[in-house]
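Q: Got a predicted structure plus its sequence, pasted below:
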Amino acid sequence: MAADWQHTEHDMKDEGSTIQSPGFDLDYTDTAGDGPQEEDVRDQKGHNLWRVLNERQINMIAFTGTIGNGLFLTSGKCLAAAGPGGAVVAYVIMGTVISSVISSLGEMTALMPVNAPMMEFPRRFLDRGVGLAVGWIYWFSYVVMAADQIVTVAASIRFQYDDGRTFINWATGMDTSPALWISVFLVVVIIVNMIPVKYFGELEYIVGCIKITFISMLTVMMLILNVMKPRSNAYYSQPLGTKYWNSPYSFFNSNYHVKDEYGNLYQTISGGTGRLVGVWTACVRAFFSYTGMDMVTVTAAESKALADSEAMKMASRKISLRIITLYTLTILTASFLVPTDHPFINGEGQSSGAHSIFIIAVVEAGLPALGQFFNAMFLFSAATCASDNLYVASRVLHTLALRDQTGPEFITRRLRQCRAGVPMRAVLVSAAVMLVAYLGPTGAPGARLTELSSNCTVSFLIVYATICATYLCFYQTLDEAQKYGNNPQTQAGIYDRNHPRYPYKSHAQWLKAGFGMVACIILLIFNGVNAFLTDPFDIRTFIASYISIPVFVLLIVSYKIRRHGFNFSQWGPERSKDLRNCVQVSSNKRKGRLEFPHPGLTVENGKRFLEWIWPPPILDFSVFYGNDSQAKAQLVQRVRECCLNNGFFQITGHKVSPELQRGTFDCTKRFFGLPLAEKKKIERSPNAFNRGYEPFQSHMSQPGSAPDRKEGLFLGPDLPDDHPYYRFKRISMEYYDAMFQLAKDIFAVLALTMDYEETFFNPLTEGAVATLRYLHYPPQPVGEAEKGLGTGAHRDYSCITLLLQDGTGGLQVLDEPTGQWLDVEPVHGAYIVNLANEFSRMTNENYKSDLHRVINKSGLERYSIPFFFTGNPDYVCECLSRFRGSTWICKLHSWKIQ
Ligand SMILES: O=C(O)CCC(=O)C(=O)O
Ligand SMILES: [Fe+2]
């Protein structure tokens with residue numbers, strides 16, 4: 001009874017609560033912790049973010065968001081407080097703290113790429129109330145940070161530098177009200193956040209590249225200024241060398257000046273205590289300039305790259321390494337050029353730009369014009385940070401809404417809504433709170449944004465300490481699941497941190513998380529030490545430094561009251577210890593790890609090394625749809641090379657949507673999940689036009705070998721209209737049509753590779769016959785290869801095949817010149833294009849028909865969806881004119897495709 005197919009829907013509902021099979025299944029990963037069905041529903045309602053960001057964009061969003069005024073404008077205060085050596089030490093030590101936090105968070109996110117991991121993980125592993133409290137303060141902190149960056153933009157426009165010898169002044173900035181600039185940039189930042197996330201990601205990528213270039217240039221510049229012969233208008237006549245690190249200056253600054261909020265000197269602490277307080281103050285500041293790196297995980301729910309489950313590992317590692325190295329180097333090089341007692345970093349100076357050690361360094365080296373350029377870059381940097389901070393805030397608010405934590409339903413419903421994958425309302429509400437920017441130093445009396453923003457940076461300490469604590473609980477949960485859980489062997493890797501399929505095992509855990517947590521708590525307790533050093537006690541600094549703690553506690557308490565009233569016995573930790581949405585790495589090979597096939601120096605090893613540096617090409621097909629003729633010509637050239645080489649290539653950037661691919665995989669799994677008797681009811685019989693079910697081991701791809709260890713379903717557009725499984729049919733046919741169109745587009749490119757018109761193959765593609773095939777490969781027992789492969793070695797028959805595989809891996813293509821089987825690593829959403837025999841014949845076998853096979857050694861279920869494009873049965877094939885030459889084999893033949 002075919003109607004029983006529908007009953008599998010309820011089986012799928014439970015999928016969200018079980019550990020999922022690996023790889024690209026993670027596209028089912030819920031964005032709010034529900035099952036895939038719920039995601040479907042949300043999708044229909046437009047509540048879903050879109051997974052469109054790729055790895056480079058994720059990296060750059062975090063990079064762009066972190067590098068802001070912390071380093072550029074306020075690092076001078078570190079130098080003044082701790083001395084050159086002390087400042088560098090502070091950046092290094094705090095770098096270890098932040099990288100402990102980021103790797104703890106990154107490891108959990110790599111295993112479970114959920115929406116807003118910052119709040120989701122504490123919710124699961126610590127306490128629901130803590131999770132929500134973290135969500136709220138995290139959101140608020142990002143909003144205020146965004147506002148603070150906007151104020152920095154306005155302050156940078158009001159640029160003036162006057163040290164008695166050099167005078168720089170941006171007249172426009174000085175003559176206009178900062179409120180005007182705040183308004184202008186607020187609008188710009190909101191607009192940027194409204195654009196579809198795909199373009200936002202691309203913009204961020206460009207901005208990130210500019211920032212990386214700038215900061216690298218800054219470091220090199222500082223180095224050059226230090227060693228080169230000073231210019232005639234420099235403030236010094238000999239190269240500075242290590243002058244500011246030697247006597248009378250020194251490694252540490254032993255005098256710490258306690259100042260009140262207006263910069264008036266209150267007292268000086270000297271000696272060992274002075275050094276200690278100085279380094280401590282520098283540490284707190286350095287830590288704050290690192291905040292923002294956590295953004296790398298906020299993008300998890302919008303990342304298509306995360307389906308390649310090691311992308312998070314690479315992203316979190318890269319961000320820590322890049323930022324810590326760049327910051328430390330930049331501070332180090334600049335510290336040789338600016339003395340610790342320079343008045344502009346000790347409270348004087350006419351504008352925020354004048355406080356920057358980099359501007360001071362270039363002005364004193366006799367390059368004031370460069371100072372202007374730097375200020376412009378700092379302005380740009382702050383503006384882009386503001387945009388990133390708003391991005392994070394909106395995503396967190398959106399998640400809070402999905403969790404029903406944003407008050408009345410009529411508000412929550414709106415905050416959940418997304419348009420084109422962007423949570424517009426969440427952006428607007430967050431932007432509205434950014435109006436606190438007008439509280440900044442705009443001339444308005446009682447401007448207090450600075451305090452607000454400093455207590456927000458303190459909030460990050462709470463969030464980070466919570467994340468480390470969460471990691472410790474997560475670590476314990478994994479341990480328990482591994483020891484006491486009743487897990488099938490195929491899932492063992494999910495709980496085992498040492499298993500090669502565990503996505504990201506960060507080093508030295510749990511120690512690192514413990515260190516991160518203790519360090520953040522100490523920073524939290526002592527960050528407001530300045531308040532205690534003044535007399536009378538500085539109440540404003542004290543409140544700004546500690547207010548976040550009671551607010552955090554209050555948020556937790558209000559959650560408990562709302563949920564349990566004053567029934568204190570129920571206030572204990574509520575956690576699910578839920579290991580849902582786990583993913584595994586799709587192959588035993590760790591990404592980024594270089595493994596040689598042979599010991600010693602061999603040609604194969606050399607080849608592997610080259611492949612490691614320049615991995616085999618994945619072609620971005622989107623240029624075919626664009627207007628860039630040069631890029632298109634490049635694509636055509638690369639396709640041509642692939643056709644001539646091995647007869648296969650992989651493409652991304654096609655128009656088949658991830659949702660449709662996901663839906664089709666869903667259909668595939670549902671079908672193969674049916675009882676055998678059900679599947680056999682539509683068994684493919686030899687005269688059923690190549691449609692229907694093909695049972696396990698009933699086909700032999702490689703003549704003379706054992707039958708294929710796979711089962712299949714052949715589909716075409718002739719499913720009866722009254723087919724009972726409507727959704728299955730709709731999705732399958734929608735997918736069929738999309739593939740048909742893609743095949744036509746690929747033929748257009750193939751025509752171009754032969755210097756024909758794009759339309760050359762139209763007679764072949766119009767009215768073509770094609771077959772969609774769903775395949776299922778059960779895991780192949782290790783060491784039983786002689787009992788048959790998943791698919792025996794074969795070449796496809798007709799024209800081209802477009803293959804979509806899940807993340808399990810197992811497809812191999814023969815590299816004819818070397819005789820080696822190459823693994824075709826799964827790339828999420830990409831199509832492998834195989835040229836088949838008929839087509840190869842038409843090219844006089846210049847274009848290869850590739851030999852390929854499948855061995856599913858992963859220990860996991862593998863699903864794949866080939867689409868065989870046969871071509872129009874009436875098309876008369878013959879050797880194409882382009883390939884007619886003296887050695888051609890098909891001179892006398894013309895034939896029709898079978
Ligand atoms: O399942 C795969 O990855 C390949 C299948 C295949 O080559 C075929 O069906 O012709
Ligand atoms: Fe094939």
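A: Good, I have the coordinates. Ligands and ions are numbered 1, 2, ... in the order given.
Q: CA atoms for contacts and neighbours, from now on please.
A: Fine.
Q: interface residues of the protein facing ligand 1?
A: For the chain, the residues in contact with ligand 1 (Cα under 6 Å from any ligand atom) are 796, 805, 811, 854, 864.
Q: Compare these and tell me which has the most neighbours.
A: Neighbour counts for the residues of the chain next to ligand 1 (other Cα atoms under 10 Å) peak at residue 805, which has 26 neighbours.
Q: residue contacts, it?
A: The neighbours of residue 805, taking Cα atoms under 8 Å, 6 or more residues apart in numbering as the test, are 826, 831, 863-865.
Q: run the last query once more with 6 Å
A: residue 864 (Cα atoms under 6 Å, 6 or more residues apart in numbering).
Q: Give me the distance between it and residue 658.
A: Relative to residue 658, residue 805 is positioned 13 Å away (criterion: Cα to Cα, to the nearest Å).
Q: Measure how far the host helix or strand of residue 327 is from the centre of its chain, please.
A: Take DSSP states H and E as the rule and residue 327 turns out to sit in helix 311-335. Per Cα atoms, centre = their mean, to the nearest Å, the displacement of helix 311-335 from the mean C-alpha position of its chain is 17 Å.
Q: pLDDT on that helix, on average?
A: Mean per-residue pLDDT for helix 311-335: 81.
Q: Contacts for that helix, please.
A: Residues from elsewhere that reach helix 311-335, judged by Cα under 6 Å, 6+ apart: 59, 84, 91, 95, 99, 106, 110, 219, 222-223, 504.
Q: Dump the residues of the chain next to ligand 1 into JSON lines; add secondary structure, pLDDT and distance to residue 470 as well.
A: What follows is these, written out as JSON lines (DSSP: H, G, I helix; E, B strand; the rest coil; pLDDT from 0 to 100; distance: Cα to Cα, whole Å):
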{"residue": "796", "secondary structure": "coil", "pLDDT": "92", "distance to residue 470": "51"}
{"residue": "805", "secondary structure": "strand", "pLDDT": "91", "distance to residue 470": "35"}
{"residue": "811", "secondary structure": "strand", "pLDDT": "89", "distance to residue 470": "39"}
{"residue": "854", "secondary structure": "strand", "pLDDT": "90", "distance to residue 470": "41"}
{"residue": "864", "secondary structure": "strand", "pLDDT": "94", "distance to residue 470": "37"}
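Q: of all those residues, which two lie farthest apart?
A: 796 and 805 (16.2 Å; Cα to Cα).
Q: For the stretch 451-600 of the chain, which segments count as strands?
A: Taking DSSP state E, counting those that start in this stretch, the stretch 451-600 of the chain contains no strands at all.
Q: low pLDDT regions in it?
A: Across the stretch 451-600 of the chain, the ranges flagged by pLDDT under 70 are 451-455, 485-494, 500-501, 530-531, 534-537, 540, 576-597.
Q: before we move on, back to that, just the buried residues of the contacts of helix 311-335.
A: 59, 84, 91, 95, 99, 106, 110, 219, 222-223, 504 (16 or more other Cα atoms under 10 Å).
Q: ok, which stretches of the stretch 251-400 of the chain are helices?
A: 271-290, 295-298, 311-335, 357-364, 368-402 (DSSP state H, counting those that start in this stretch).
Q: Just the residues contacting the fourth one, thanks.
A: Under the criterion Cα under 6 Å, 6+ apart, residues 76, 234-235, 337, 371 lie in contact with helix 357-364.
Q: most surrounded residue in those?
A: Neighbour max across the contacts of helix 357-364 (other Cα under 10 Å) = residue 76, 31 neighbours.
Q: where does that residue land in three-state SS?
A: helix (DSSP: H, G, I helix; E, B strand; the rest coil).
Q: That one contacts residue 345, doesn't it?
A: Yes: using Cα atoms under 6 Å, residue 76 is in contact with residue 345, at 5.2 Å.
Q: Can you tell me which of the helices of the stretch 251-400 of the chain is nearest to residue 126?
A: Judging the helices of the stretch 251-400 of the chain by Cα to Cα, what sits closest to residue 126 is helix 368-402, at 17.3 Å.
Q: what angle do the closest one and helix 357-364 make?
A: Using axes from the mean of the first three to the mean of the last three Cα atoms, to 10 degrees, the inter-axis angle of helix 368-402 relative to helix 357-364 is 170 degrees.
Q: Could you identify the helix or strand that succeeds helix 368-402?
A: Past helix 368-402, the next helix or strand by DSSP H and E is helix 409-416.
Q: How about that next one, which residues are buried there?
A: Neighbour counts over helix 409-416 (16+ other Cα under 10 Å) mark 412-416 as buried.
Q: any idea how far residue 65 is from residue 380?
A: In this view, residue 380 and residue 65 are 12 Å apart by Cα to Cα.
Q: who's in contact with the nearest residue to residue 622 once chain neighbours are set aside?
A: Once flanking residues are discounted, residue 622 sits nearest to residue 653: 4.5 Å by Cα to Cα, 6 or more residues apart in numbering. For residue 653, the contact set (Cα under 6 Å, 6+ apart) comprises 620-622.
Q: Can you report how many residues lie near residue 835?
A: The number of residues near residue 835, taken as other Cα under 10 Å, comes to 26.
Q: Test of understanding: give the bridge partners of it.
A: residue 800 (DSSP bridges).
Q: Right, I'll leave it there.
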